[in-house]
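Asker: Sequence below, structure please.
(chains A and B)
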Amino acid sequence: MGLRGVIVLVGLMGTTWSFNATTIRPEAVSTDTFARPETTEETTEQKGAVAEEEAVEDVMATGELNPSHYPAQRAAKVVQHYLNTRYGSPYKLFGLKQVQSGNAEDVADSGRKYQLDISVHEIISDTKENCSAEVFFPRGVKQLSPQVQVSSCEELLKIDANSEEEALYQQYKTNKTLRTEKRLPDSYGHIDPEMTPFWHLGIVASSFIMLNESTENTLYNVAQVANITQLTTENDQLKFDCHVLLHDMVSQEIPQWKMLFTWSPAGGVKVLHTEQLPHVHDCEKHPKTN
Amino acid sequence: MLSVVGLSFAALLLTVGALTLESNRAEYDYYKYHPMDEISSWMVQMEKDHPDMVTMVDYGRTYEKRTISLLKIGLKTEAKKKAVWMDCGIHAREWIAPAFCQYFVRQILHAYKTDDKMAAMLTNMDFYITPVLNIDGYIFSWKDSSTRLWRKNRSPGPSGDCYGVDLNRNFDANWGTVGVSSNCSSNIYCGTGPISEPEAQAVAYFVGSRKEDFLCFLTIHSYGQLLLIPYGHPNFTASNYDELMTVGQGAAEAIWRVHGKKYTVGTSPDVLYANSGSSRDWARLQEIPLTFTFELRDNGTYGFELPEDQIQPTCEEAYSGALHIIAYAHDKTFNGAAAAAAATLWAVLLAAGVSGANLM
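Answerer: Numbering: from 1, shown residues only, chains lettered A, B, ... in the order given. Below is the predicted model:
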């Protein structure tokens, strides 16, 4: 049989399995000081030290970031909210496509700055572009909003939705008045085509709140626009009152907000007033329904 | 003459009757969201339609005393079988998850007839599929538009003025340490103790008493387009982390090939947030080697209210991903045995050949 047989044998041995060695997790690209790579045995009792909880949440990544890990993802989401506040409209809505690279550094004692290369998606025209952005999360006793700067995103922002925006604007300035009957989207994910531009508008207006409320420990999306009511046009701006439900992925909560905002093709969205509604407590007992 | 006419007429009536029955029994629409009573009826129907392969098993009760059931699916054999676990709807508002479990059941029951691989898997393994685990929560989320975004179960809090425990923080896996709240009002309230909740107990008892049989444990959620591997606690690393990452990435690749959707693979603390008490972590601690949390579509545009026209593509891609993991688990256990046998044979032959012959 000879050498060939030996090689075949070795090859066969290699394909058999159950490699149960304990594995040390590869060091994350970022210099994450807390999460040391550690071996673990499956049968160890859970070491439930509550004290660890605070330490785990405080230490954040610095240096080069893994683009698919949460620090870069959360910072990039803030950029999405920023873009929507500045450039969003009933016919223009931005989504985060991907984070290509990221970097974070502490800025003295004042906060942390992220530099990101991301690809952004304008959802309605289905256009994508790469952008660079900087997000600064200030640290302080009073919670301050993050600051965002975006560069090299010009093509995306030049997308022309003027004719649709103008048509909608004229229609609702003079002829029609909006009052939504159903939530957007409804429980089945459905939105009436006529309501879709107002769903977009609700998301854009919500982006002001999501931007203001964002920290390194939040990840906001709009869960649902509960209702939008059109008020009397003021200074050539369409004016709306709306109630939105946000979703913070990190806490899994659904904060609810009421907003007063205006919109016109020329003026974009301007938020006049926001008010967070109290956490809905489910007090009454519910009869069992079979 | 009259009796012949009578017989023909009777035959005609019977045929018409049968045809009417056929067309009245509408095909179950897998691409719509179904309320709990329809899902329960569907489960009963699945068992009726495939009595040789499907058994409905009741394995627990919810807080509101509803029966928690799964479908056990497999080809009956004499040999000892391994098992695959899949649960959906542990979080009430994640409606796409139960839709996927139902789709998965339908797919495997269709596939095995023509697909040898599936037939082999159903011969060697039983699939235990729970379409809705958090039944009380799911029913509550259907109550009206204001309850649609409910997440937890429906057990009352300690003082009775708040409801619900996050079942995916209630399992005995680093319980109560990180990514939880001890406040009953919170959506990540972990309960009064590990597996304090009857829904979590049901899973723990059923799977726990059969843990050596299980090759993989898949728990289906939305949204976020993620495949999460253990552990949720940042200080714990699974002994087979590399394997989990590799298999996870293979699954993400399979998902991407279906409709181009990107799913990120990693531990919760890396790609999402730290947490404790998840069913996935508990399953891994039971030494079930391949445990994954699926977070299905989308990335936040529609979030929990995923449009019904996305049910089909989401299910198709998730099916591909799940199958990648299940096939890997199967092949590792069953083909691996064949390879080991072959290796032993070669070793014996080699030993016989070497003694008294040159290696070169």
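Asker: And the helices in the stretch 1-150 of chain A, which stretches?
Answerer: For the stretch 1-150 of chain A, the helices defined by DSSP state H, counting those that start in this stretch cover A:2-15, A:52-58, A:70-87.
Asker: elements contacting the helix or strand that residue B:284 is a member of?
Answerer: Assigned by DSSP states H and E, residue B:284 falls within helix B:279-285. Applying 3 or more C-beta pairs under 8 Å, 6 or more residues apart in numbering or on different chains; DSSP states H and E, one finds that helix B:279-285 contacts helix B:198-208, strand B:214-222, strand B:290-296. For the C-beta atoms, the positions are set from N, CA and C on the backbone; glycine is no exception.
Asker: Just say helix, strand or coil for the spatially closest residue to residue A:239 that is not a sequence neighbour.
Answerer: With C-beta to C-beta, 6 or more residues apart in numbering or on different chains as the measure, residue A:231 is the residue that lies nearest to residue A:239, at 4.3 Å, once sequence neighbours are left out. Under DSSP: H, G, I helix; E, B strand; the rest coil, the three-state class of residue A:231 is strand.
Asker: hey, where'd the helices end up in chain B?
Answerer: According to DSSP state H, chain B carries its helices in the segments B:2-24, B:36-49, B:96-111, B:116-124, B:135-141, B:198-208, B:241-259, B:268-271, B:279-285, B:311-354.
Asker: Residues in contact with the fifth one: which ones?
Answerer: Helix B:135-141 is contacted from outside by A:286, A:289, B:35-36, B:62-64, B:66, B:68, B:89, B:91-93, B:95, B:98, B:132, B:147-154, B:164, B:199, using C-beta atoms under 8 Å, 6 or more residues apart in numbering or on different chains.
Asker: thinking again about what came up before, show me which residues of the helix holding residue B:284 are buried.
Answerer: Across helix B:279-285, burial judged by 16 or more other C-beta atoms under 10 Å in any protein chain shown covers B:279, B:280, B:281, B:282, B:283, B:284, B:285.
Asker: what's the pLDDT at the residue nearest in space to the middle of chain A?
Answerer: The centre of chain A sits closest to residue A:77, judged by C-alpha atoms, centre = their mean, with a distance of 3.9 Å. pLDDT, residue A:77: 98.
Asker: what's the spacing between the residue nearest to residue A:239 and chain B?
Answerer: Separation of residue A:231 from chain B (C-beta to the nearest C-beta, to the nearest Å): 23 Å.
Asker: and the residue of the stretch 51-200 of chain A nearest chain B?
Answerer: Residue nearest to chain B within the stretch 51-200 of chain A: residue A:189 (3.3 Å; C-beta to the nearest C-beta).
Asker: Give me the nearest residue to that residue, chain neighbours excluded.
Answerer: Residue A:189's closest residue in space is residue B:307 (C-beta to C-beta, 6+ apart), at 3.3 Å.
Asker: Now do the strands in chain A.
Answerer: With DSSP state E as the criterion, chain A has strands at A:63-65, A:94-107, A:111-122, A:127-138, A:147-151, A:220-234, A:237-248, A:256-264, A:268-276.
Asker: Please produce JSON lines containing the ones you listed, extended by mean pLDDT and mean neighbour count.
Answerer: Putting these into JSON lines (pLDDT from 0 to 100; neighbours: other C-beta atoms under 10 Å in any protein chain shown) gives the following:
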{"stretch": "strand A:63-65", "mean pLDDT": "95", "mean neighbour count": "18"}
{"stretch": "strand A:94-107", "mean pLDDT": "96", "mean neighbour count": "18"}
{"stretch": "strand A:111-122", "mean pLDDT": "96", "mean neighbour count": "21"}
{"stretch": "strand A:127-138", "mean pLDDT": "96", "mean neighbour count": "18"}
{"stretch": "strand A:147-151", "mean pLDDT": "96", "mean neighbour count": "16"}
{"stretch": "strand A:220-234", "mean pLDDT": "96", "mean neighbour count": "19"}
{"stretch": "strand A:237-248", "mean pLDDT": "97", "mean neighbour count": "21"}
{"stretch": "strand A:256-264", "mean pLDDT": "98", "mean neighbour count": "20"}
{"stretch": "strand A:268-276", "mean pLDDT": "98", "mean neighbour count": "15"}
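Asker: can you list these in TSV and add distance to residue B:238?
Answerer: Below are those laid out as TSV (distance: least, C-beta to C-beta, whole Å):
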stretch	distance to residue B:238
strand A:63-65	23
strand A:94-107	25
strand A:111-122	29
strand A:127-138	31
strand A:147-151	37
strand A:220-234	29
strand A:237-248	28
strand A:256-264	38
strand A:268-276	40
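Asker: what pairs with residue A:115 across the strands?
Answerer: residue A:103, residue A:134 (DSSP bridges).
Asker: Sketch out the low-pLDDT regions of the stretch 251-360 of chain B for me.
Answerer: B:336-360 (pLDDT under 70).
Asker: Spell out which parts of the stretch 101-250 of chain B neighbour chain A.
Answerer: Within the stretch 101-250 of chain B, the positions adjacent to chain A are B:139-140, B:142-143, B:145, B:148-149, B:151, B:154, B:156, B:161-164, B:166, B:172-178, B:185-188, B:224, B:231, B:234-243 by C-beta under 8 Å from any C-beta of the partner chain.
Asker: from the residues you listed, which would you call buried?
Answerer: Here, 16+ other C-beta under 10 Å leaves B:139-140, B:142, B:148-149, B:151, B:154, B:162-164, B:166, B:172-178, B:185-188, B:224, B:231, B:234-241, B:243 buried among these.
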